[in-house]
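Peer 1: Structure for this input, please:
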Amino acid sequence: MSPRAVARRNHWTLVVLTLAVFAIPVELARSQTTDRSVLQKPASRFVAINGARLEYLDWGGDGAPLVFLAGLGGTAYVFNDLAPEFISNYHCFGLTRRSFGKSEQTKDGYELDNLALDLVAFGRSLGLKNFTLVGHSYGGTEAIRASELHPELIRRVILLDTAYDPIPSAARLPRLNSSPP
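Peer 2: Numbering: from 1, shown residues only. Predicted coordinates for the structure are as follows:
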């Protein structure tokens, strides 16, 4: 099977797993949380990691940690409606990457590996183990990279509208000349 076919199959497997792991619990949580007035606003806190002071939100909850990551340009606040739907089964957090929202703008450190290490350092600073990262858009790319670098800390990654090329550049096939002979 070609690398592209494997990537395509893995993409659809990820979509199906995302629906099975993420969408179904939302429906269960909705059925359990009927009174929206009991849902609280998240606590805004800060953590100093990797040379940056980053804001994170804590919606509380019971169970395994679930960490929400916004897309590029967004903050953890974009999950104010979604995260509370999971607090009956998970302890929900949201991390705002450096330079966005109230998180500190740093002179450097914006490479993908550094942003991924921010996620790992965040988890370690809160004592999280086997946590799930829920990444929207570029947050999903950061989540994937963090799980590649530290699979011992991250249980799973859930992607929401994330574009990610899982084929390493060395494995790409050269384009064939499509013009007729």
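Peer 1: where does the protein dip in pLDDT?
Peer 2: Scanning the chain for pLDDT under 70 picks out 1-40, 165-181.
Peer 1: Tell me the buried residues in the lengthiest strand in it?
Peer 2: Ranked by residue count and defined by DSSP state E, the top strand of the chain is strand 52-60. Using 16 or more other CB atoms under 10 Å as the test for burial, strand 52-60 gives 52, 54, 55, 56, 57, 58, 59. Using the backbone N, CA and C atoms, a C-beta is placed for each residue, glycine as well.
Peer 1: What's the local residue count around the nearest residue to the third one once chain neighbours are set aside?
Peer 2: Right, the one you point to is residue 55. Nearest non-adjacent residue to residue 55, counting by CB to CB, 6 or more residues apart in numbering: residue 102, 4.3 Å away. Counted with other CB atoms under 10 Å, residues neighbouring residue 102 total 14.
Peer 1: Which helix or which strand is home to residue 48?
Peer 2: When elements are assigned from DSSP states H and E, residue 48 belongs to strand 43-49.
Peer 1: next one: residue 134
Peer 2: In this structure, residue 134 sits in strand 131-136 according to DSSP H and E.
Peer 1: neighbouring strands for that strand, and are they parallel or not?
Peer 2: Applying DSSP bridges, strand 131-136 is found paired with strand 64-69 (parallel), strand 154-160 (parallel).
Peer 1: Please pull up the helix or strand immediately following it.
Peer 2: Next along the chain from strand 131-136, counting by DSSP H and E, comes helix 138-149.
Peer 1: before we move on, the earlier item: tell me the most buried of the strands paired with strand 131-136?
Peer 2: Most buried of those by mean neighbour count (mean count of other CB atoms under 10 Å) is strand 64-69; its value is a mean of 24.
Peer 1: Which strand residues bridge the closest residue to residue 90 other than its chain neighbours?
Peer 2: Nearest residue to residue 90, sequence neighbours excluded (CB to CB, 6+ apart): residue 66, at 4.0 Å. Beta bridges link residue 66 to residue 92, residue 132, judged by DSSP bridges.
Peer 1: just checking, residue 66 touches residue 130?
Peer 2: No - using CB atoms under 8 Å, residue 66 makes no contact with residue 130, being 11.2 Å away.
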